[in-house]
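Novice: Provided below for reference: sequence and predicted model.
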Amino acid sequence: MKVYLDNAATTRIHPEVLQAMLPVLENQFGNPSSIHAYGRETRSLIETARKNVAKLLNASPAELFFTSGGTEANNTAIRCGIKDLGIIHAISSPLEHHAVSHTLEELAQNGTIRLSLVNIDKQGHIDLVHLENLLKDNPRSFVSLMHANNETGTLTPIEKVGELCRKYDAVFHSDTVQTMAHYRHDLSKLPVDFITCAAHKFHGPKGVGFLYINKRIKIHPFITGGAQERNMRGGTENVYGIVGLAKALEIAYRDMDTDQAHIMELKNYMISQLQNEIPGVFFNGDISEGNLFTVLNVSFPPSDSTEMLLFNLDIAGIAASGGSACSSGSEIGSHVLRAMQVDPNRGAVRFSFSRFNNKEEIDYCIAKLKECFLVKA
Ligand SMILES: Cc1ncc(COP(=O)(O)O)c(C=O)c1O
């Protein structure tokens, strides 16, 4: 049996997405910047995709810029937001994806900004009182806080963060790569300036995403060299990717309630099975409902290393990913679990689910995990 439980890393393409992309790959090859019929045809595919995405998110098409994915979108927001808006202080958390944390650290190291990290608790919730104090002391900051953590699934209340940012005249960027298409974002109400998307996290193609820039914000491009994306992102557009992204988002919104209920049930089932079958497991992050339902981060009783556990799962045909907290200062291991002070002696495995998983797969996974721990006992 083969079981894919690494959907926070990437997802399989939805058959309907593939169907939408195939004609573009086969026949619609014109350069969207060309003024002849071939170009006009692909240009209109891009603009239709933009309009469809904008409608789902309650944004204006003029606020959406297609990118090569989440990393580029986050880099654009942070680098250009800070430079072009003349910002000298940023606030972030120790839990961000490296696309955010490494970018901010570089800007802090080269003296462009001062960087403050907001306090977090052991489940990865940010301390809103501390955030407000930082904002009070540093008006006009650039705030970068992710919506859901990709390793633990703990959610940040971005509405509240956004309101605080507005109150203290801060610019707010949220990495929404793990929540896009899993929740409905209403950008007509959400007080954010930048949010980001990667299509491959919700059964779309790899190498395509977008950056939403609130119309009140004006920045210059990160990638220069072409007038594409209304002068905001140079480079010939990934037309079939953009078509696939829009289709994947449309399907996700169409099926959201059913998918959410199905995935939540699988996650809750896995939690109870793990608790019943493997004494001594605990969960990292906030597993209560209201947190990201696609992710479950499990700390197993001290035994083999995480690598050995993942290796055994892999041999059994089960794909998951992992990381332990590791000791402070260590280059390897998870910076997220370390920041949450998770026991470094315990291996942690992230299981992440999608609409394509089922209960039989969870049963198989539990059986294999039991074998791993029974052999040890
Ligand atoms: C929270 C988060 N941000 C950003 C990224 C990067 O996205 P991409 O792979 O599209 O560059 C990822 C993907 O792993 C992610 O989980």
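Specialist: Here it is on my side, so go on. Numbering: from 1, shown residues only.

Novice: Put the alpha carbons of stretch 197-206 into CSV.
Specialist: Output of stretch 197-206 as CSV, limited to C-alpha atoms (Å, rounded to 0.1, in the frame of the first residue of the first chain):
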residue,chain,number,x,y,z
CYS,A,197,-0.3,31.7,-2.3
ALA,A,198,1.3,28.6,-3.8
ALA,A,199,-0.9,26.5,-6.0
HIS,A,200,0.8,23.2,-5.3
LYS,A,201,-0.5,23.2,-1.7
PHE,A,202,-4.1,22.8,-2.9
HIS,A,203,-3.9,20.3,-5.8
GLY,A,204,-2.7,22.9,-8.3
PRO,A,205,0.6,22.8,-10.3
LYS,A,206,4.0,23.6,-8.8
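
Novice: Surely His173 is in a helix?
Specialist: No. Using DSSP: H, G, I helix; E, B strand; the rest coil, the secondary structure at His173 is strand, not a helix.

Novice: and it, how many neighbours?
Specialist: His173 has 30 neighbouring residues, counting by other C-beta atoms under 10 Å. For glycine as for every other residue, the C-beta is placed from the backbone atoms N, C-alpha and C.

Novice: That one is in contact with Val143, isn't it?
Specialist: Yes. If you go by C-beta atoms under 8 Å, His173 and Val143 touch, sitting 6.9 Å apart.

Novice: Val295 contacts Asn150, correct?
Specialist: Yes. With contact defined as C-beta under 8 Å, Val295 reaches Asn150; the gap is 7.3 Å.

Novice: ranges for the strands of the stretch 151-300 of the chain?
Specialist: Ranges of strands in the stretch 151-300 of the chain, per DSSP state E, counting those that start in this stretch, are 171-174, 194-198, 209-213, 282-284, 295-299.

Novice: Rebuild those strands as a markdown table, extending it with distance to the ligand and mean pLDDT.
Specialist: Output for the strands of the stretch 151-300 of the chain, formatted as a markdown table (distance: least, C-beta to the nearest ligand atom, whole Å; pLDDT from 0 to 100):
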| stretch | distance to the ligand | mean pLDDT |
| --- | --- | --- |
| strand 171-174 | 10 | 98 |
| strand 194-198 | 3 | 98 |
| strand 209-213 | 5 | 98 |
| strand 282-284 | 16 | 95 |
| strand 295-299 | 10 | 95 |
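
Novice: about what we covered before: overlap in contacts of Val295 and Asn150?
Specialist: Ala8, Gln178 (C-beta atoms under 8 Å, 6 or more residues apart in numbering).

Novice: Just the angle for whichever strand or helix holds Leu45 relative to strand 194-198, thanks.
Specialist: Per DSSP states H and E: Leu45 is located in helix 37-57. Orientation note: helix 37-57 sits at an angle of 120 degrees relative to strand 194-198 (axes from the mean of the first three to the mean of the last three C-alpha atoms, to 10 degrees).

Novice: List the neighbours of helix 37-57 that are in contact with it.
Specialist: 24, 28-34, 59-61, 63-64, 66, 184-187, 210, 212, 237, 239, 242-243, 245-246, 249-250, 253.

Novice: Buried among those residues? Make that a ChimeraX selection.
Specialist: For anyone working in ChimeraX, the buried entries among these, judged by 16 or more other C-beta atoms under 10 Å, can be selected with:
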select :24,28,30,32,59,63,64,66,185,187,210,212,237,239,242,243,245,246,249,250,253
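
Novice: Where helices are concerned, which of the contacts of helix 37-57 count?
Specialist: Counting by DSSP state H, these place Val24, Val239, Ile242, Val243, Leu245, Ala246, Leu249, Glu250, Tyr253 in helices.

Novice: out of those residues, which touch the ligand?
Specialist: The subset of those within reach of the ligand, by C-beta under 6 Å from any ligand atom, is empty.

Novice: so what's Tyr240 up against?
Specialist: Met21, Val24, Leu25, Pro205.

Novice: For those residues, could you give me TSV that also reports distance to Gly39 and pLDDT?
Specialist: Shown next, in TSV, are those (distance: C-beta to C-beta, whole Å; pLDDT from 0 to 100):
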residue	distance to Gly39	pLDDT
Met21	19	98
Val24	14	98
Leu25	17	98
Pro205	22	98
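
Novice: Give me every residue in the stretch 151-300 of the chain lying close to the ligand.
Specialist: Counting by C-beta under 6 Å from any ligand atom, the stretch 151-300 of the chain sits next to the ligand at Asp175, Val177, Gln178, Ala198, Gly209.

Novice: What sits closest to the fourth one if chain neighbours are left out?
Specialist: Closest residue to Ala198 apart from its sequence neighbours, by C-beta to C-beta, 6 or more residues apart in numbering: Gly70 at 3.6 Å.

Novice: Return the distance of that neighbour relative to the ligand.
Specialist: 3 Å (C-beta to the nearest ligand atom, to the nearest Å).
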